[in-house]
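# Sequence plus the predicted model coming up.
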Amino acid sequence: MSDYNNRRSQRKPYIATIRYYCPVIDHGEAKKIDDESLIIDISSSGVGMFVGYPFEPGHVLYFREIIRNADSPQTTAVVRWTEEIYQAQYRVGCEFA
């Protein structure tokens with residue numbers, strides 16, 4: 001479930017693709033999700049993205065490129081919420097770590 005009202009910073013539209021990876025336990029098996037995402041908004045404290053995996057709050061995303069549109073360069077973010085928007089397509093809200 002999204003947590004739009006608890007944001008610390010105002011998000012602004014921002015469209016970019018970014019590669020990331022995230023270690024997860026999926027059905028009892030350790031996996032590394034390595035994929036590309038579409039960033040759709042950004043703030044000084046986080047990003048909103050479209051992803052193809054149902055991440056859970058607390059998962060840590062490691063960006064393969066530096067996000068430079070934040071107040072300071074960012075390479076990691078913690079998933080705060082996930083919402084399925086279409087079949088196996090999810091919107092996630094992430095806070096920079």
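Ah, there it is.
# Just list whatever residues bridge to A77.
For A77, the beta-bridge partners are L61, F96 (DSSP bridges).
# my read: it touches G58, true?
No: look at A77 against G58 with CB atoms under 8 Å: they stay out of range, at 11.6 Å. In this view, the C-beta of every residue, glycine as well, is placed from N, C-alpha and C.
# who has more neighbours, those two?
A77 (25 against 8; other CB atoms under 10 Å).
# now S44: how far from R11?
10 Å (CB to CB, to the nearest Å).
# Please apply the same query to A97.
A97 is 17 Å from R11, by CB to CB.
# Those two: who's more crowded?
R11 (17 against 12).
# residue contacts, that one?
For R11, the contacting residues are 41-43, 46, 48, by CB atoms under 8 Å, 6 or more residues apart in numbering.
# so which of these is the most crowded?
Neighbour count (other CB under 10 Å) singles out G46 as the most crowded of the contacts of R11, with 24 neighbours.
# That one bridge partners, please.
E95.
# And the pLDDT for it?
Per-residue confidence at G46 stands at 92 (pLDDT).
# hang on, isn't it packed against F96?
Yes: because the distance of 5.6 Å satisfies CB under 8 Å, G46 is recorded as touching F96.
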